[in-house]
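Q: Attaching a predicted model along with its sequence, questions to come.
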Amino acid sequence: MTVVGIPKDSWDPMQSSDREVGHWTTTNLGEAVPGIITPLGTALWGGAAHRAAWRTAYQVGVISGTELRRPLDPALPVLRMFFGRVSMNLDYIALYGDRMPGVTGPETMVSMFGQPPDGMTFRPTRRRYPFIAARLPAYFVRVSKLLNTMAASVDSWWRREVEEVPRLDQRGAVEVFADSVRRFETAMAVQTGVVLVGVRPLFDLLSRVISRAGTGDITVLSGTGGAEMAVITDIWRASRGQIEIAEVVREHGFHGPAEGEISSRVWRDCDSPLHAIVRHYRELPETESPLAKQELKEHRLRAETEAVLDALPARERPTARAVMRLARERIPQRGVAKRSFLQTLDVARLAARQAGRHLSEEGKLNDPEDVFYLTADELVAGVGRETRALIEKRRARRTEYEALRFRSTEWSGMPQITRGDFEADSGQVIRGTGASPGVVEGRVRVVSDPSFTDVEPDEVLVASTTDPSWCSIMYVSVALVVDLGGMLSHAAVVAREIDIPCVVNTRDGSRRLRTGDLVRVDGGAGTVQVLKRANP
């Protein structure tokens with residue numbers, strides 16, 4: 001049955017509003033923040049991420065200074081919490097299309113999400129064209145340098161804070177937490193610029209070049225060597241005894257199960273999932289080395305580039321060559337900015353836990369983990385006598401949210417929700433978006449617990465969503481099937497990088513498939529066919 005009547009309470013930051021305004025989706029944010037957010041996490045995924053998105057829109061000329069400074073309206077936040085789930089405002093994406101030269105709002109929605117929501121109103125205008133013309137080219141030119149400078153700074157800061165935060169007192173921990181939120185906002189602003197101004201337009205242009213040429217594999221031409229491959233390569237080296245697992249943690253310890261949620265336990269906190277993954281990598285033959293695969297893909301990239309150029313008229317080749325060069329340079333950068341904002345989130349996590357330990361030792365919290373049920377303002381202002389009761393109310397509300405299910409990943413106003421699972425389609429063919437080509441058959445492994453303890457090599461990995469830590473186990477899988485995501489979602493990008501078939505945006509594939517089912521995955525057609533059901 002559809003759930004109604006869960007109010008917006010002033011003490012519940014996990015529900016931003018109960019006003020039925022705007023068009024929303026969990027398609028992209030679901031892979032960054034799977035599950036139900038804790039109250040402290042709203043400081044990052046609420047205010048900071050919202051400010052970052054509007055900062056980028058101003059920097060490229062899409063909005064004016066007045067629009068940047070105006071008070072928040074419930075219809076305008078880029079991100080909003082619905083029953084504990086972080087969702088993106090589709091009207092923000094449409095705004096780019098409505099105001100950008102050379103594209104329309106509906107075209108932008110189709111490019112990113114497949115189709116515009118029913119009933120969505122677009123407001124095309126040319127009034128921002130002069131400002132975009134003045135700012136966007138300069139931003140496009142400098143965004144790579146901006147990204148690399150920011151990534152190097154955040155990386156050194158993360159390494160330093162991981163060592164220093166455990167020695168801080170309560171006040172020092174709170175100050176580092178506040179600094180982490182500010183850095184998260186900056187990293188998210190760069191990530192937004194990289195995706196909306198760099199990666200997405202280049203991916204679309206590359207698609208047009210390939211279509212015009214009548215040849216070319218976009219999974220190869222979109223570049224190699226993203227941030228996820230660095231994780232995979234280091235895990236491979238650990239599996240071969242070339243480095244210790246501790247070194248993997250020192251480099252990538254901010255990754256781990258549900259890494260976008262501030263209260264989660266990442267590899268830096270608990271490396272047992274990493275040990276299991278390394279054991280799986282040991283079973284792979286040397287021919288599966290990521291370094292060898294990357295070398296092969298770079299060879300294919302050169303061959304594909306020449307094939308596309310040969311197929312085009314001579315007058316079109318200079319432009320096509322420039323598009324392909326920028327695409328292979330910039331599309332992999334999507335993961336670099338994501339690494340940075342995950343590092344800032346990890347320091348916020350570490351600082352919050354340090355503050356929670358002090359508050360618990362002082363008798364102000366029952367448990368150090370209770371700190372995640374405070375808001376950022378409450379953490380900064382201090383804990384009062386009423387805090388314990390407030391924490392228990394929020395914990396109970398979060399448990400209530402965990403029992404809810406959204407009927408769709410996109411909606412207008414407020415989502416339709418149910419208590420518990422609703423009946424999934426029992427058909428034998430599951431359809432989604434083909435994100436990485438190839439056809440394979442294999443046994444399904446449905447993963448809801450991202451510790452990966454039950455995952456075995458050569459299975460078809462099926463999940464509701466994925467985050468960067470999943471790249472480690474994707475590498476031993478034969479295919480990937482995900483409920484959420486588009487062509488530039490994390491799952492799609494990594495699948496193309498490691499050259500396995502991938503189908504995203506199945507909506508309910510993780511509920512329609514069961515572990516042990518034999519399936520055929522067609523990553524080009526975007527279908528998953530059930531060949532034989534597992535024994536009940």
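A: It's in.
Q: Hmm, Gln333 and Leu147 touching each other?
A: Yes - judged on C-beta atoms under 8 Å, Leu147 makes contact with Gln333 at a distance of 5.9 Å. Heads up, the C-betas are built off the backbone N, CA and C, glycines and all.
Q: shared neighbours, those two?
A: Counting by C-beta atoms under 8 Å, 6 or more residues apart in numbering, the shared contacts of Leu147 and Gln333 are Val194.
Q: Could you give the separation of the least confident helix or strand in the chain by mean pLDDT from the chain centroid?
A: Here the helix or strand of the chain ranked lowest by mean pLDDT, DSSP states H and E is helix 29-32, holding a mean of 76. With C-alpha atoms, centre = their mean, to the nearest Å as the basis, the distance from the averaged C-alpha position of helix 29-32 to the chain average is 5 Å.
Q: what about the helix or strand following it, distance to the chain center?
A: Helices and strands here follow DSSP states H and E; after helix 29-32, the next one along the chain is helix 42. Helix 42 has its C-alpha centroid displaced from the chain centroid by 16 Å (C-alpha atoms, centre = their mean).
Q: what do you get for stretch 316-323?
A: On C-alpha atoms, centre = their mean, the centre of stretch 316-323 falls 31 Å from that of its chain.
Q: do the same with stretch 235-243
A: 27 Å.
Q: what packs against the least confident helix or strand of the chain?
A: Applying 3 or more C-beta pairs under 8 Å, 6 or more residues apart in numbering; DSSP states H and E, we find helix 29-32 packed against strand 85-89.
Q: helices or strands up against the helix or strand containing Val249?
A: Per DSSP H and E, Val249 falls inside helix 245-252. Packing partners of helix 245-252 (3+ C-beta pairs under 8 Å, 6+ apart): helix 227-239, helix 272-282.
Q: Pull out the buried positions in the host helix or strand of Gly193.
A: If you go by DSSP H and E, Gly193 is part of helix 170-193. Using 16 or more other C-beta atoms under 10 Å as the test for burial, helix 170-193 gives 170, 172-174, 176-181, 183-193.
Q: before we move on, what about stretch 244-254?
A: For stretch 244-254, using 16+ other C-beta under 10 Å, the buried residues are 245, 248-249, 252-254.
Q: next one: stretch 285-295
A: 290, 293-294.
Q: again, but for stretch 17-34
A: 21-34.
Q: One more: stretch 212-231?
A: Buried, per 16+ other C-beta under 10 Å, within stretch 212-231: 213, 216-231.
Q: just stretch 116-127 next, same as before
A: Judged by neighbour count (16+ other C-beta under 10 Å), stretch 116-127 contains these buried residues: 116-117, 120.
Q: residues in contact with the helix or strand that contains Val493?
A: Per DSSP H and E: Val493 is located in helix 490-498. Identification of contacts with helix 490-498 by C-beta under 8 Å, 6+ apart yields 31, 218-219, 222, 224, 226, 228-229, 232, 290, 293, 332, 334-335, 338, 433, 435-436, 463, 465-468, 470-471, 474-475, 480, 482, 485-486, 501-502, 504, 523.
Q: Then stretch 61-74?
A: Residues contacting stretch 61-74 (C-beta under 8 Å, 6+ apart): 16-17, 19, 21-22, 50, 54-55, 57-58, 95-96, 99-100, 128, 131-136.
Q: can you give me how far that stretch is from the chain middle?
A: Centroid separation for stretch 61-74 versus its chain: 25 Å, with C-alpha atoms, centre = their mean.
Q: Alpha carbons only: can I get that stretch in CSV?
A: What follows is stretch 61-74, C-alpha atoms only, in CSV (Å, rounded to 0.1, in the frame of the first residue of the first chain):
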residue,chain,number,x,y,z
GLY,A,61,27.3,32.2,-16.4
VAL,A,62,24.1,30.1,-16.2
ILE,A,63,22.7,32.1,-13.2
SER,A,64,23.2,35.7,-12.1
GLY,A,65,24.7,36.9,-8.8
THR,A,66,21.2,37.8,-7.7
GLU,A,67,20.0,34.3,-8.3
LEU,A,68,23.0,32.9,-6.4
ARG,A,69,22.4,35.0,-3.3
ARG,A,70,18.6,34.8,-3.1
PRO,A,71,17.0,33.0,-0.2
LEU,A,72,16.4,29.3,-0.6
ASP,A,73,13.0,28.3,-1.9
PRO,A,74,11.8,24.7,-1.4
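Q: buried residues in that stretch?
A: Buried positions in stretch 61-74, judged by neighbour count with 16+ other C-beta under 10 Å: 61-63.
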